[in-house]
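Student: predicted model and sequence follow; I will ask about them next.
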Amino acid sequence: MSHPPVRIGIVTVSDRASRGEYEDLGGPAIREELTRILTTPWEAVTRMMPDEQPLVEGALKDLCDQEGCCLVVTTGGTGPAPRDITPEATEAVCDKILDGFGEQMRAVSLKFVPTAILSRQIAGIRGRSLIINLPGKPSAIADCLQAVFPAVPYCIDLIEGPYLETDEAVLKAFRPKHAAKKPS
Amino acid sequence: MSHPPVRIGIVTVSDRASRGEYEDLGGPAIREELTRILTTPWEAVTRMMPDEQPLVEGALKDLCDQEGCCLVVTTGGTGPAPRDITPEATEAVCDKILDGFGEQMRAVSLKFVPTAILSRQIAGIRGRSLIINLPGKPSAIADCLQAVFPAVPYCIDLIEGPYLETDEAVLKAFRPKHAAKKPS
Amino acid sequence: MSHPPVRIGIVTVSDRASRGEYEDLGGPAIREELTRILTTPWEAVTRMMPDEQPLVEGALKDLCDQEGCCLVVTTGGTGPAPRDITPEATEAVCDKILDGFGEQMRAVSLKFVPTAILSRQIAGIRGRSLIINLPGKPSAIADCLQAVFPAVPYCIDLIEGPYLETDEAVLKAFRPKHAAKKPS
């Protein structure tokens, strides 16, 4: 009960939002969705970056290594346009890529729009942190997060992060029986 | 109305076809299918190459950089055999890989044959061109092209290429509302 | 009829099993499932390795290059944990990666557990051998093997390996008509 709250990084990647020309809608949409899903106390550590690969890499490293975020979620910069570099930055800082996240997010988005195949969203592990790319469009954020989040708490267990619990009325996390938490 | 026609590259990759031992069926099948799909005036720029990676890379670069093709479609050379090098050549010349294309083409082909998982087809962006690998088998070409083409015009918008329009009775291209063409 | 039996490598990757702290259940589960599927005479060449990338790479190379295995199947070490290195070892020794295998195994496993997206299973070609990563959990091994095996015999044909036949009551291998075996 005296544990400090779990920390989750939220990174908005957008030239326009970072110049203030455009309200950041993606970051708040992620925060809202995670608030709905998680019952474990948590706090957001937010960053706003332009579409510059070295800057995004730096933000991801900082959130994982210095800020102690067990989960870092990005929004924006995953399309085919020349300025879209979020997946490149993510891949560059990760030890392992988990292809199933991108496949699953595209499969779910394909039910809504055929242009889902243009998304290059990936997820990967850096040390004891899981990094997940989400789309930039707020309406697609909840769809993608719900598509993959049932696997997130067990993934974070496997990389020795904190034990995350969800509101099962919203989204049921899956763990194999042996991984269920012992009463403490 | 005075725009020159859009240029689309069609590359047949086949040792036997390039030696004239075998009639090229893949290239004409692509041309026929694109003619059915597109209402925007276009012209084909065709190439026939043996399964040699440097030659295929050279053809792809030439079609993208010199010939001004906004779209380059290949046929052949995507299997597991030692001579199959089309995906390697494609990856080598692309700035970004769009994994969703390969996933979607395999998912559609899996409805017909379980050996669809042997296909290594990819798609990617080189500068302002989209390159897509299609299978070598003519009957599979239309299936794969229809599976991904609804996303192609918007992809080409995003890389600042020409505005492609399709015959909606054949295949409806998807664009977000903000990307629909303004009347000119 | 005087052909020697086809050789298939089975590699268990597990720190605990290789120290004898844990019974190897994955290797025997693969052997049992392949015995059910194949009618072609075959023999298993088994290896047990800790989760050490150079050792797993060495075992894979040995089974492909020295032991003459046309197929090598691994179990274990495909998750997101730091010690999970089976996909890295597989990728390092392969000439070509066949993304469709991992996609298909995850798609099938997703019907059972949402954590299937955490699996990094891949398959690839080394010379004349096909290497496939399976999960560590015995109950998931049969599901994954059945999901991809219909494409395995034709894949091995394409890399010039032996002609594998299956018990069609268990699992029907698919080959295009031109690839069906001529009566000898």
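Tutor: All right, it came through fine.
Student: list the residues that contact the most centrally placed residue in chain A.
Tutor: By C-alpha atoms, centre = their mean, chain A has its centre lying nearest to A:Val73, at 2.4 Å. Applying C-beta atoms under 8 Å, 6 or more residues apart in numbering or on different chains, one finds that A:Val73 lies in contact with A:Ile8, A:Gly9, A:Ile10, A:Val11, A:Ile30, A:Leu34, A:Ile131, A:Ile132, A:Leu134, A:Leu145. (C-beta placed from N, C-alpha, C; glycine too.)
Student: wait, is the third one part of a strand?
Tutor: Yes - counting by DSSP: H, G, I helix; E, B strand; the rest coil, A:Ile10 is found in a strand.
Student: burial count for it?
Tutor: For A:Ile10, the neighbour count with other C-beta atoms under 10 Å in any protein chain shown is 25.
Student: ditto for A:Glu160
Tutor: For A:Glu160, using other C-beta under 10 Å, the count is 11.
Student: now A:Arg120
Tutor: Using other C-beta under 10 Å, A:Arg120 has 25 other residues around it.
Student: where does it land in three-state SS?
Tutor: Quick answer, by three-state DSSP: A:Arg120 is coil.
Student: skipping adjacent residues, who's closest to it in space?
Tutor: A:Pro87 (4.5 Å; C-beta to C-beta, 6 or more residues apart in numbering or on different chains).
Student: next one: A:Gly27
Tutor: A:Thr12 (4.2 Å).
Student: so who does that neighbour touch?
Tutor: A:Ser18, A:Asp24, A:Gly26, A:Gly27, A:Thr46, A:Arg47, A:Met48, A:Met49, A:Thr74, A:Thr75, A:Gly76.
Student: swap the cut-off to 7 Å and go again
Tutor: A:Asp24, A:Gly26, A:Gly27, A:Met48, A:Thr75, A:Gly76 (C-beta atoms under 7 Å, 6 or more residues apart in numbering or on different chains).
Student: the first one reaches A:Ser18, doesn't it?
Tutor: No - under the criterion of C-beta atoms under 7 Å, A:Asp24 makes no contact with A:Ser18, lying 8.6 Å away.
Student: who touches both of these two?
Tutor: Joint contacts of A:Asp24 and A:Ser18 (C-beta under 7 Å, 6+ apart) are A:Met48.
Student: can you tell me which residues in chain A are near chain B?
Tutor: A:79-81, A:102-103, A:106, A:113-120 (C-beta under 7 Å from any C-beta of the partner chain).
Student: quick check, nearest of these to B:Ile156?
Tutor: A:Pro80 (9.2 Å; C-beta to C-beta).
Student: wait, a strand at that closest one?
Tutor: No - under three-state DSSP, A:Pro80 falls outside any strand and is assigned coil.
Student: quick one: contacts for the residue lying closest to A:Pro150 once chain neighbours are set aside?
Tutor: Using C-beta to C-beta, 6+ apart and skipping the chain neighbours, the partner closest in space to A:Pro150 is C:Pro114 (3.8 Å). Applying C-beta under 7 Å, 6+ apart, we find C:Pro114 in contact with A:Pro150, A:Ala151, A:Phe174.
Student: mind putting the contacts of A:Thr12 in CSV, pLDDT and secondary structure included?
Tutor: Converted to CSV, those look like this (pLDDT from 0 to 100; DSSP: H, G, I helix; E, B strand; the rest coil):
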residue, pLDDT, secondary structure
A:Asp24, 93, coil
A:Gly26, 97, helix
A:Gly27, 97, helix
A:Met48, 97, strand
A:Thr75, 98, strand
A:Gly76, 97, coil
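Student: make JSON lines from these and add distance to B:Gly58 and neighbour count to it.
Tutor: Listed next are these as JSON lines, based on distance: C-beta to C-beta, whole Å; neighbours: other C-beta atoms under 10 Å in any protein chain shown:
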{"residue": "A:Asp24", "distance to B:Gly58": "44", "neighbour count": "19"}
{"residue": "A:Gly26", "distance to B:Gly58": "41", "neighbour count": "26"}
{"residue": "A:Gly27", "distance to B:Gly58": "44", "neighbour count": "25"}
{"residue": "A:Met48", "distance to B:Gly58": "43", "neighbour count": "18"}
{"residue": "A:Thr75", "distance to B:Gly58": "39", "neighbour count": "28"}
{"residue": "A:Gly76", "distance to B:Gly58": "35", "neighbour count": "28"}
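Student: which SSE is the closest residue to chain C within chain A in?
Tutor: Nearest residue of chain A to chain C (C-beta to the nearest C-beta) works out as A:Gly100 at 3.2 Å. According to DSSP states H and E, A:Gly100 maps onto helix A:99-110.
Student: rewinding a little: quick check: the farthest pair among the residues of chain A next to chain B?
Tutor: A:Ala81 and A:Glu103 (21.7 Å).
Student: and these two? Which one has more around it.
Tutor: The neighbour comparison of A:Ala81 against A:Glu103 (other C-beta under 10 Å) goes to A:Glu103, with 24 against 17.
Student: spatially nearest residue to A:Pro41 (excluding sequence neighbours)?
Tutor: Closest residue in space to A:Pro41, ignoring its immediate chain neighbours: A:Pro5 at 4.2 Å, by C-beta to C-beta, 6+ apart.
Student: I figured that neighbour hits A:Ala44, correct?
Tutor: No - using C-beta under 7 Å, A:Pro5 is not in contact with A:Ala44; the gap is 9.8 Å.
Student: who has more neighbours out of the two?
Tutor: A:Ala44 (17 against 11).
Student: can you pick the most crowded of the residues of chain A next to chain B?
Tutor: For the residues of chain A next to chain B, neighbours tallied by other C-beta under 10 Å; top is A:Ser119, 28 neighbours.
Student: just the pLDDT at it, thanks.
Tutor: Looking at A:Ser119, its pLDDT stands at 98.
Student: show me what contacts the residue nearest to A:Lys61 when sequence neighbours are not counted?
Tutor: Distance criterion C-beta to C-beta, 6+ apart; nearest residue to A:Lys61, sequence neighbours excluded, is A:Val93 at 5.6 Å. Residues counted as contacts of A:Val93 (C-beta under 7 Å, 6+ apart) are A:Glu57, A:Leu60, A:Lys61, A:Arg126.
Student: how does it look with 10 Å?
Tutor: A:56-61, A:64-65, A:72, A:124, A:126-127, A:129, A:131 (C-beta atoms under 10 Å, 6 or more residues apart in numbering or on different chains).
Student: quick check: the nearest residue to the residue of chain A closest to chain C once chain neighbours are set aside vs C:Gly68, distance?
Tutor: Excluding its sequence neighbours, the residue lying closest to A:Gly100 (C-beta to C-beta, 6+ apart) is C:Ile117, at 3.2 Å. Per C-beta to C-beta, to the nearest Å, C:Ile117 is found 35 Å from C:Gly68.
Student: try A:Leu63
Tutor: Applying C-beta to C-beta to A:Leu63 and C:Gly68 gives a distance of 49 Å.
Student: which residues touch the nearest residue in space to A:Val113 that is not next to it in sequence?
Tutor: In space, and not counting its chain neighbours, A:Val113 is closest to B:Phe174: 5.9 Å by C-beta to C-beta, 6+ apart. Applying C-beta under 10 Å, 6+ apart to B:Phe174 gives the contacts A:Phe112, A:Val113, A:Pro114, A:Thr115, A:Ala116, B:Pro150, B:Ala151, B:Val152, B:Pro153, B:Tyr154.
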